[in-house]
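**Student:** Sequence below, structure please.
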Amino acid sequence: MILLVIAASVVFAIISPPDPSPRARVGRSAPRPASTPARAAPEAASGAAERDAAPAREVKGTGAAERDAAPAREAEESGATERDAAPARREAEESGCFPHRQAWVNNNMNIRQRPSTSAAILGNTPPGERYKVFGSRQGDVYCWIDIDLGWIAVTRFVSAHEPQARAPTPPPASAATVINAAVQQALHRLNRLVVAPENRCSPYDSDDYPYPQSVEARIVSGMGGRVYGPYSGTTFGSTRDTDIEHIVARSEAHDSGLCGANQQGRKTFARDLLNLTLASPSVNRHQKSGKDFAEWRPKLNKCWFADRVIKVKAKYSLTIDSREKAALERTLAACSSLDMQ
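**Tutor:** Numbers count the residues shown, from 1 in each chain. Predicted structure coming up:
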């Protein structure tokens, strides 16, 4: 009997396949570890973590959505602003009466509620301020600009550029104030002459002031070959029609200082080309003769004549009386040139 049981056990062991699980290797009687049922704990913790993370993901997702939506809202708002501002800009661009982005206001200007002279006044602009220009519109009379505070009319006090500081206005020119440098020099030379009454300190004799007739050719040469009389502007056909004319007459020079000069000094004066010109016999002998500048002045070339009188008197240290000086000052004050015409 015992042998039959052992044989059956051997046969069963041969026929039955081996169990690959660890439990088979350890033995069927090995108990299940006590910690096996605790595998559900990580799952519970994972579920709790999922529940805790869900609000965070929701918040994070909301923030991302907000960031994604912000440009859209911005664009929408910007588009709305653009749509609202477009008519005003189009109106300003179509008008274009003041196509500048800034304006200087140089006076107190009324700021009005609308671009009209009948609109309510909101205030005034102080002079010398710069404003940003937001638009312009042509009114019935003025061009109006929007300076944000309101509308002001574009007048001569409104400019697109900063005004330059004005130079002080010079005082009005006096009788002795002239622009031409040559005239200023003539006046300076006149003021250096000694003012004194005429004085004939010795008898006058024209023979004491001799000059050769040949000097006439040198006078003509000095006027470019013309036989020309500057007192009247006449061009003569020949020197036979003219006289040799002393601009400061010899008798006038004698009474102004040459009465004390020696013979050589008087001779030099008489033939000095600075004091010589041509004139018709009637002018030389009858109209002018021995008169000074206060007593006679030519019809033409007064400025040239005045300059020559001053130069001759300065060269020979001749005096000038007060009437003659006053006449010279009045003449030079009206001169723009001292050239011979």
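
**Student:** For the protein, just list every one of the helices.
**Tutor:** For the chain, applying DSSP state H gives helices covering 2-15, 22-26, 40-95, 181-191, 215-222, 250-255, 263-270, 281-282, 302-315, 322-333.

**Student:** lowest-confidence stretch among those helices?
**Tutor:** Ranked by mean pLDDT, the helices of the chain bottom out at helix 22-26, with a mean of 40.

**Student:** Which strand residues bridge the nearest residue to Ser280 once chain neighbours are set aside?
**Tutor:** Nearest residue to Ser280, sequence neighbours excluded (CB to CB, 6 or more residues apart in numbering): Gly229, at 5.9 Å. All C-beta atoms are positioned from the backbone trio N, CA, C, and that covers glycine. Per DSSP bridges, the residues bridged to Gly229 are Thr234.

**Student:** for Gly229, what are its contacts?
**Tutor:** If a contact means CB atoms under 8 Å, 6 or more residues apart in numbering, then Gly229 has 235-236, 242, 277-280, 283 as its contacts.

**Student:** Which of these fall in strands?
**Tutor:** Members of the contacts of Gly229 lying in strands (criterion: DSSP state E): 235, 277-279.

**Student:** got the residues you listed as CSV, with pLDDT and neighbour count columns?
**Tutor:** Listed next are the ones in strands among the contacts of Gly229 as CSV, based on pLDDT from 0 to 100; neighbours: other CB atoms under 10 Å:
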residue, pLDDT, neighbour count
Thr235, 94, 10
Thr277, 97, 25
Leu278, 96, 24
Ala279, 95, 23
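
**Student:** Name the nearest residue to Val194, sequence neighbours excluded.
**Tutor:** Closest to Val194 by CB to CB, 6+ apart is Thr319, at 4.8 Å.

**Student:** Help me confirm that that neighbour comes into contact with Val248.
**Tutor:** No: the criterion here is CB atoms under 8 Å, and Thr319 misses it with Val248 at 11.7 Å.

**Student:** if I look at those two, which residues touch both of them?
**Tutor:** Joint contacts of Thr319 and Val248 (CB under 8 Å, 6+ apart) are 256, 313.

**Student:** neighbour count winner among these two?
**Tutor:** Between Thr319 and Val248, counted using other CB atoms under 10 Å, the more crowded position is Val248 (25 against 16).

**Student:** Which segments of this structure make up each domain?
**Tutor:** 102-159, 181-333 (automatic domain parsing).

**Student:** I'd like to know which of these is closest to Asp339.
**Tutor:** Across the domains of the chain, Asp339 has its closest neighbour in domain 181-333 (6.5 Å, CB to CB).

**Student:** List the buried residues of stretch 127-140.
**Tutor:** 131, 133, 135-137, 139 (16 or more other CB atoms under 10 Å).

**Student:** so for it, what's the average pLDDT?
**Tutor:** pLDDT averaged over stretch 127-140 gives 85.

**Student:** contacts for it?
**Tutor:** Stretch 127-140 has contacts (CB under 8 Å, 6+ apart) with 88-89, 91-92, 95-108, 115-117, 125, 143-149, 151, 153-154, 157, 162.

**Student:** Over to stretch 180-188?
**Tutor:** Under CB under 8 Å, 6+ apart, the answer for stretch 180-188 is 176, 178, 303, 306-307, 310, 329, 332, 335-338.

**Student:** need these in a markdown table with neighbour count and distance to Asn262, can you?
**Tutor:** Putting the contacts of stretch 180-188 into a markdown table (neighbours: other CB atoms under 10 Å; distance: CB to CB, whole Å) gives the following:
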| residue | neighbour count | distance to Asn262 |
| --- | --- | --- |
| Ala176 | 14 | 36 |
| Val178 | 18 | 38 |
| Cys303 | 21 | 34 |
| Ala306 | 24 | 29 |
| Asp307 | 26 | 28 |
| Ile310 | 26 | 24 |
| Glu329 | 15 | 33 |
| Leu332 | 24 | 33 |
| Cys335 | 19 | 36 |
| Ser336 | 11 | 41 |
| Ser337 | 12 | 38 |
| Leu338 | 20 | 32 |
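
**Student:** Buried among the contacts of stretch 127-140? Make that a ChimeraX selection.
**Tutor:** Here is the ChimeraX command that selects only those of those that count as buried (16+ other CB under 10 Å):
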select :92,95,98,103,104,105,106,115,116,125,143,144,145,146,147,151,153,154,157
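
**Student:** buried set for stretch 216-230?
**Tutor:** Applying 16+ other CB under 10 Å to stretch 216-230 flags 216, 219-220, 227-230 as buried.

**Student:** shouldn't Val141 be in contact with Ser116?
**Tutor:** No: Val141 lies out of contact with Ser116 (CB under 8 Å); the separation is 9.4 Å.

**Student:** Between the two, which contacts overlap?
**Tutor:** With CB under 8 Å, 6+ apart, Val141 and Ser116 have no common neighbours.
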